[in-house]
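Participant: Sequence and predicted structure below; questions after.
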Amino acid sequence: MTHDEERDIELERLAGRLGMKAAERLDVERTAAAVLERLRADRAARRPWYIQPTWLRAAALVVLMVGAGLVVRGRWFSGPAHSGHYVREELQDLSADQLREVLGSLDQTLNDAAVEPADDDFSDLTTEQLQALLQSLEG
Amino acid sequence: MPPADPAVRPADDAELIAAWLAGEERAAAELVRRHARTLARFLAGAGAPEADVDDLVQETFIRAFRAVGRFRNQCQFRTWLLTIGGNALKDLGRRLARRRIVPLDDQVESKDGNPHERAEAGETEERLRQGLEKLPRMQREVFLLRAQQGFEYDDIAAALETTPGAARVHYHHAVKRLKEWLK
């Protein structure tokens, strides 16, 4: 082995020892914990604002409140109030024969839909009774 | 001898990277445990001030995890990590240079640390450290990756985005200059 080759080997041996003390001093577990902490902060900061936990909680609360409001409103106002009002006005203008005709067509529609046919005969009813019957059918 | 049970085989770096990308924090912690000391050795050898090695190791891992989606196994994860460490060290040198008006070589050179430990490190080793700090960055990193870490030229070249032939030339220039410095 030449002197130059020996020096090459010595140089590599020295290089292999460089930084050994720094490596020994390093607290690996503490470093891992610190890196994880920074990565978590990094990920949280990169999330869009609308999927930040605070905003998600607020959005969930709003959805719950709106949902609950709709349920309560649905119970208090179970029918379409306006449509009943308009139907009532229309029925006021019909004669007894026209009302019987409407009820007859309604009866026919129910029969076509395979609903049990009505037993009642409308011929005996007065105009007021027919109007009341039609209004009750409208709900 | 029966083959090793694959269930107990430790995950390799590529598997840990995939697990981290899928959101598993333990995989990131395992990668830190696996490579932190090697990284600290490399940084200290490359001239990191002793007091800054810990912070530089953390900073290097943070940068690596941010960019790991772009790592394509073009070289070993460790080689890639060490080159990121080299960049972090260079950036530290710039920051220190802005704060203190001193030449780059002087501020990268370690002035901190326990004087007894410095003495223990040995005069020749200290001379080598000084010699490394006088080398151009490419020569210094190729030398450390080859002589300190034992990587192949192919791997070094891939990590430093050069050719194996060029990496070999950088290494020989570094060795020649260091031997002259240590005479």
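Facilitator: It's in.

Participant: quick one: low-confidence ranges for chain A?
Facilitator: Low-confidence regions of chain A, defined by pLDDT under 70, span residues A:47-53, A:75-91, A:107, A:109-122, A:137-139.

Participant: One more pass at 90, please.
Facilitator: A:1-14, A:17, A:21, A:42-139 (pLDDT under 90).

Participant: The closest residue to residue B:86 other than its chain neighbours sits in which helix or strand?
Facilitator: Once its chain neighbours are removed from consideration, residue B:86 has its nearest residue in residue B:141; the separation is 5.2 Å (CB to CB, 6 or more residues apart in numbering or on different chains). (Each C-beta comes from the backbone N, C-alpha and C, glycine too.) In this assignment (DSSP states H and E), residue B:141 forms part of helix B:137-143.

Participant: Chain A against chain B: which residues are in contact?
Facilitator: By CB under 8 Å from any CB of the partner chain, the part of chain A that sits against chain B consists of A:7-8, A:11-12, A:14-29, A:31-36, A:38-40, A:42.

Participant: do that again at 7 Å, thanks
Facilitator: With CB under 7 Å from any CB of the partner chain as the criterion, chain A comes near chain B at residues A:7-8, A:11-12, A:14-23, A:26, A:28, A:31-32, A:34-36, A:38-39.

Participant: So which residues of chain A form helices?
Facilitator: Using DSSP state H, the helices of chain A run over residues A:3-17, A:20-25, A:28-46, A:53-76, A:81-92, A:96-112, A:127-138.

Participant: and of these, who's closest to residue B:132?
Facilitator: Taking CB to CB as the measure, those were each checked against residue B:132, and helix A:3-17 came out nearest at 8.5 Å.

Participant: Who are the packing partners of the closest one?
Facilitator: Using 3 or more CB pairs under 7 Å, 6 or more residues apart in numbering or on different chains; DSSP states H and E as the contact criterion, the secondary-structure elements in contact with helix A:3-17 are helix B:123-134, helix B:164-182.

Participant: if we can go back for a sec, now mean neighbour count too, for the helices of chain A, in JSON lines please.
Facilitator: Output for these, formatted as JSON lines (neighbours: other CB atoms under 10 Å in any protein chain shown):
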{"stretch": "helix A:3-17", "mean neighbour count": "14"}
{"stretch": "helix A:20-25", "mean neighbour count": "18"}
{"stretch": "helix A:28-46", "mean neighbour count": "14"}
{"stretch": "helix A:53-76", "mean neighbour count": "10"}
{"stretch": "helix A:81-92", "mean neighbour count": "11"}
{"stretch": "helix A:96-112", "mean neighbour count": "13"}
{"stretch": "helix A:127-138", "mean neighbour count": "14"}
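
Participant: okay, these in TSV with distance to residue B:48 next?
Facilitator: Rendered in TSV, the data for the helices of chain A read as follows (distance: least, CB to CB, whole Å):
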stretch	distance to residue B:48
helix A:3-17	16
helix A:20-25	8
helix A:28-46	14
helix A:53-76	38
helix A:81-92	79
helix A:96-112	90
helix A:127-138	86
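
Participant: Quick one, which of these gets closest to residue B:28.
Facilitator: Closest among the helices of chain A, using CB to CB: helix A:28-46, at 6.3 Å.

Participant: can you give me the angle that closest one makes with helix A:53-76?
Facilitator: Helix A:28-46 and helix A:53-76 are oriented at 50 degrees to each other (axes from the mean of the first three to the mean of the last three CA atoms, to 10 degrees).

Participant: ok, and what's touching helix A:28-46?
Facilitator: B:25, B:28-29, B:32-33, B:36-37, B:54, B:57-58, B:61-62, B:65 (CB atoms under 7 Å, 6 or more residues apart in numbering or on different chains).

Participant: so which of these is the most crowded?
Facilitator: Across the contacts of helix A:28-46, the neighbour count under other CB atoms under 10 Å in any protein chain shown reaches its highest value at residue B:57, namely 30 neighbours.

Participant: for that residue, what are its contacts?
Facilitator: When the contact criterion is CB under 7 Å, 6+ apart, the partners of residue B:57 are A:26, A:31, B:36, B:39-40, B:43.

Participant: and the two most separated of these?
Facilitator: Between any two of these, the greatest separation by CB to CB is 12.3 Å, found for A:31 and B:43.

Participant: coming back round to it: could you redo the contacts of residue B:57 as JSON lines and give each row distance to residue A:136?
Facilitator: As requested, the contacts of residue B:57 are arranged in JSON lines below (distance: CB to CB, whole Å):
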{"residue": "A:26", "distance to residue A:136": "86"}
{"residue": "A:31", "distance to residue A:136": "80"}
{"residue": "B:36", "distance to residue A:136": "82"}
{"residue": "B:39", "distance to residue A:136": "85"}
{"residue": "B:40", "distance to residue A:136": "88"}
{"residue": "B:43", "distance to residue A:136": "88"}
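
Participant: Helices along chain B, start to end?
Facilitator: For chain B, the helices defined by DSSP H occupy B:13-21, B:25-45, B:53-67, B:77-99, B:104-108, B:115-120, B:123-134, B:137-143, B:153-159, B:164-182.
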